[in-house]
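what follows is a predicted protein model with its sequence.
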Amino acid sequence: MNSNSSKEGFMAQALQIVVCAGIVPDPLQTLEPVTGPNGPGLKNEMVLPAVLDPWAACALYEAAQLVTKNPGSKLWLMSLGPKAKLQQVMMTVGQKAAFELVPIYGPIGGFPDAHSTAAALAEAIAALPGLDRERLLLFGGWESATRGAGVTLQLVGERLGITNQFQGVDQITLREDGSFEVLERVEGGRHQVSVCAGTPAVLGWATGNLAEPRNNPQTGMANMRGIMPALQKAKHVELAANGLSYVSVNLPKQQRETRVEKNMSADEIASELVEWIGAE
Amino acid sequence: METILVLTHVDETGLALTKASMEAVTAGVELARQHTATLTIGILGPASVEAATAAAGAVAATGARLLAVSGEAFAQPRYATDAAACEALCRAAQASIILAPGSSRFVRVAAGVAHRLGGFIDTHITSLSSNDAVDATRWFYRQRVEAVVSRDARPWFLLLDAGTHAAFAGESGVAQVEAVAVTLPAVRTAVEGLRSPMRDAQTIRPDAKLLFVAGAGWTKKQPDGQIHVAEAGELILAFLRLSGASLGSSKSLADQKAEGSDGEQSVLPFLTHMNQIGQTGSTPRHAKGLSTCCHGEEPHVVGWRFIGERRAISLDANCGWTRGKADVVYVADAFQVIAKVNALLEAHTG
């Protein structure tokens, strides 16, 4: 696979890309579920260090590269979360790619209903000034690191009437005629290859193949001029439960009694492993 | 009273239901029995009515009503056609609960179909339980928090994770399939086929009993001060061939590119991001897992949630695996151990 998962070998075309990306706890943090008056959440959730959702971040980097290579293109980053968290995360993300932030204030975490989240995102996208929805490429992660349902982006697409949708995307290759080839992950470590006649389309990204961009202070400074005003005027949304209720929320039993073998020879270990591998 | 629809689809032959579909059928049969509910099975994807009837034979013993959407336009997985077909099947079944396998085909469209029907969806369901209501178990935060959810809104779509139910194993019979007509939507996407990124071998084997995970230590300097990437690749591929294991990778290894490849090629040429296990990788299901040259930090280990027995080979006696994440940790050189293991496996296979 080419390392540039967003590829093109043709004349540039102006793109309009909206990336939907949530805010998630840093993966290194210890998570402890708690139940409050509004349902389940995480203990000390508001003070846990947060990052941009990892798969959605891949989508952002792919989008940024497409925009860079196609002059006249525009990139919006839409994110729903608490103001303080959005502000914190955008300080870092803003140094990695040039975008116009569209923040929406709402609850944090994986427990709110995806359908309500999708409704809020779709409404905000439909209201974006200057967006030509016929030219829209709607990007995001194929799953979040919070709810992990992999449904929000599809629901947004349906609400916007987009019926060219792709999930688990690792590569998009734009073509001169406006069509594009998409590689989607399917079972057995393979990709399904599809060619879409053109926008609008929804692409839920897997990892793609781009490395995380380095922080660029100049990009950060330029972004900040838009990010701060956007954070000032963002709207707050309430997310309905849509009949979803939580019977229980628990941490799994994950601690094992580990046997640490420091003095076995390679031969002894190999014998033990072969026996273990063969055992039913 | 609930009315249950199990959505299924055919495999690449077009003549048989996928294993994951058969697992969803089992879940549907069990749920229907618990709720004294009517059961319908919808089949998506056969190229013809005859092919649909052939595929349906495997679930004839359920006694369920059988519906199918067939035709060349529906033979390939694609959002526009699959969504239209699933919507038609759901409307024909008038189901309150729709079960489906969490296959790439249904993951692509199920949420959209739920929206079209005014319904709701929950995915990655690992078990279903019933009292008066239907409760579904799923994971949040990348397999770090487990929750049981319920909904009183209908229709309710539930996508089941593969491997969470036994495949339906009733006797095959002659099926009576009702063809469901679908108005073909505008199709702007052409499916051109499947492509494997593996250059040398297919290393991802979902049905393997053993997951073998390679970490970045394979590409680090060894005791002789040199890097032995080629040898590492040979050892790993030989192990996969001899053991039948599926290959997983840490992110740090999957991210590494070979020198002089202009960022084109992974340092181990048979490795891609699809092998990656963990926070931004997959969470496969295997009976056993063997980690090699990997630190066992939490973002990686969350991908091991559904691995039964876990062992690790690491030079670091304080690595994450030793802190209750593995059953056995061998503090040893994986190059030496895997070479010995391969020799033993080679001798066993004769």
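Here it is on my side, so go on.

wait, A:V247 sits on B:R151?
No. Counting by C-beta atoms under 8 Å, B:R151 is not a contact partner of A:V247; they are 10.9 Å apart. Heads up, the C-betas are built off the backbone N, CA and C, glycines and all.

more crowded one of the two?
Set A:V247 next to B:R151 and count neighbours by other C-beta atoms under 10 Å in any protein chain shown: B:R151 wins out with 24 against 14.

name the residues linked to that one by a beta bridge.
Listed by DSSP bridges, the beta-bridge partners for B:R151 are A:L244.

so where's chain B uncertain?
B:197-201, B:258-265, B:350 (pLDDT under 70).

now the residue in the stretch 51-200 of chain A that chain B sits nearest to, nearest residue through space, not along the chain?
With C-beta to the nearest C-beta, the shortest gap between the stretch 51-200 of chain A and chain B falls at A:G189, namely 3.0 Å. Closest residue to A:G189 apart from its sequence neighbours, by C-beta to C-beta, 6 or more residues apart in numbering or on different chains: B:I204 at 3.0 Å.

hmm, B:S249 and the one you found touching each other?
No. Using C-beta under 8 Å, B:I204 is not in contact with B:S249; the gap is 10.3 Å.

can you show me the helices along chain B?
B:19-35, B:49-56, B:79-93, B:104-116, B:229-243, B:251-255, B:298-301, B:334-349 (DSSP state H).

what packs against the fourth one?
Pointing back at helix B:104-116 there. helix A:152-159, strand A:165-174, strand A:180-186, strand B:3-9, helix B:79-93, strand B:97-101, strand B:120-125, strand B:156-160 (3 or more C-beta pairs under 8 Å, 6 or more residues apart in numbering or on different chains; DSSP states H and E).

pairing partners for the fourth one, with directions?
Each strand that strand B:3-9 pairs with, and the sense of that pairing, follows from DSSP bridges: strand B:38-44 (parallel), strand B:97-101 (parallel).

could you pull up the contacting residues of the residue lying closest to A:L48 once chain neighbours are set aside?
Leaving aside its sequence neighbours, A:L48 sits nearest to A:P25 (C-beta to C-beta, 6+ apart; 4.5 Å). By C-beta atoms under 8 Å, 6 or more residues apart in numbering or on different chains, the contact list for A:P25 reads A:31, A:42, A:45, A:48-51, A:146, B:141.

equivalent analysis for B:V145, please.
Going by C-beta under 8 Å, 6+ apart, B:V145 touches A:31, A:33, A:42, A:110, A:249-252, B:139.

just the buried ones from the residues you listed, in PyMOL syntax?
Entered in PyMOL, the line below selects the buried ones among the contacts of B:V145, by 16 or more other C-beta atoms under 10 Å in any protein chain shown:
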select buried, (chain A and resi 31+33+42+110+249) or (chain B and resi 139)
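
redo the contacts of B:V145 as a markdown table? Include distance to B:S21.
Converted to a markdown table, these look like this (distance: C-beta to C-beta, whole Å):
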| residue | distance to B:S21 |
| --- | --- |
| A:L31 | 34 |
| A:P33 | 33 |
| A:L42 | 35 |
| A:G110 | 28 |
| A:V249 | 30 |
| A:N250 | 30 |
| A:L251 | 32 |
| A:P252 | 28 |
| B:W139 | 22 |
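
now look at stretch B:288-295 and say if it contacts chain A.
Yes. Contact of stretch B:288-295 with chain A (C-beta under 8 Å from any C-beta of the partner chain) involves B:288, B:290.

tell me how far that stretch is from the chain's mean position?
20 Å (C-alpha atoms, centre = their mean, to the nearest Å).

check what contacts that stretch and list those residues.
A:273, A:276-277, B:209-218, B:220, B:245, B:248, B:250, B:253, B:300, B:304, B:307-316, B:319-321, B:326, B:334, B:338.

can you say which of those are buried?
The buried subset of the contacts of stretch B:288-295 - by 16+ other C-beta under 10 Å - is A:273, A:277, B:209-218, B:245, B:248, B:250, B:253, B:300, B:304, B:307, B:309-314, B:316, B:319-321, B:326, B:334, B:338.

before we move on, back to that, B:T189: which of the helices of chain B is closest?
helix B:79-93 (6.6 Å; C-beta to C-beta).

and that closest one, what other elements does it pack with?
strand B:3-9, strand B:38-44, strand B:65-69, helix B:104-116.

for A:R185, give me its contacts.
Taking C-beta under 8 Å, 6+ apart, one finds A:168-170, A:191-192, A:206, B:104, B:274 in contact with A:R185.

do A:P103 as well
A:78-81, A:83, A:86, A:90, A:230-231, A:234.

how about JSON lines for the residues you listed, with pLDDT added?
Putting the contacts of A:P103 into JSON lines (pLDDT from 0 to 100) gives the following:
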{"residue": "A:M78", "pLDDT": "98"}
{"residue": "A:S79", "pLDDT": "98"}
{"residue": "A:L80", "pLDDT": "97"}
{"residue": "A:G81", "pLDDT": "96"}
{"residue": "A:K83", "pLDDT": "94"}
{"residue": "A:L86", "pLDDT": "96"}
{"residue": "A:M90", "pLDDT": "96"}
{"residue": "A:A230", "pLDDT": "97"}
{"residue": "A:L231", "pLDDT": "96"}
{"residue": "A:A234", "pLDDT": "96"}
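
all strands of the stretch 51-200 of chain A, in order?
A:74-81, A:100-105, A:136-141, A:165-174, A:180-186, A:190-196 (DSSP state E, counting those that start in this stretch).

give me whichever of those strands is most buried.
strand A:136-141 (a mean of 27; mean count of other C-beta atoms under 10 Å in any protein chain shown).

what sits up against that strand?
With C-beta under 8 Å, 6+ apart, strand A:136-141 has contacts from A:15-21, A:53-60, A:62-63, A:66, A:125, A:152-153, A:156-157, A:160, A:162, A:199-205.

swap in stretch A:248-264?
Stretch A:248-264 has contacts (C-beta under 8 Å, 6+ apart) with A:31-33, A:35, A:40, A:111, A:269, A:272, B:140, B:143-148, B:305, B:310, B:317, B:321-332.

hang on, A:Q255 in a strand?
No. Using DSSP: H, G, I helix; E, B strand; the rest coil, the assignment for A:Q255 is coil, not a strand.
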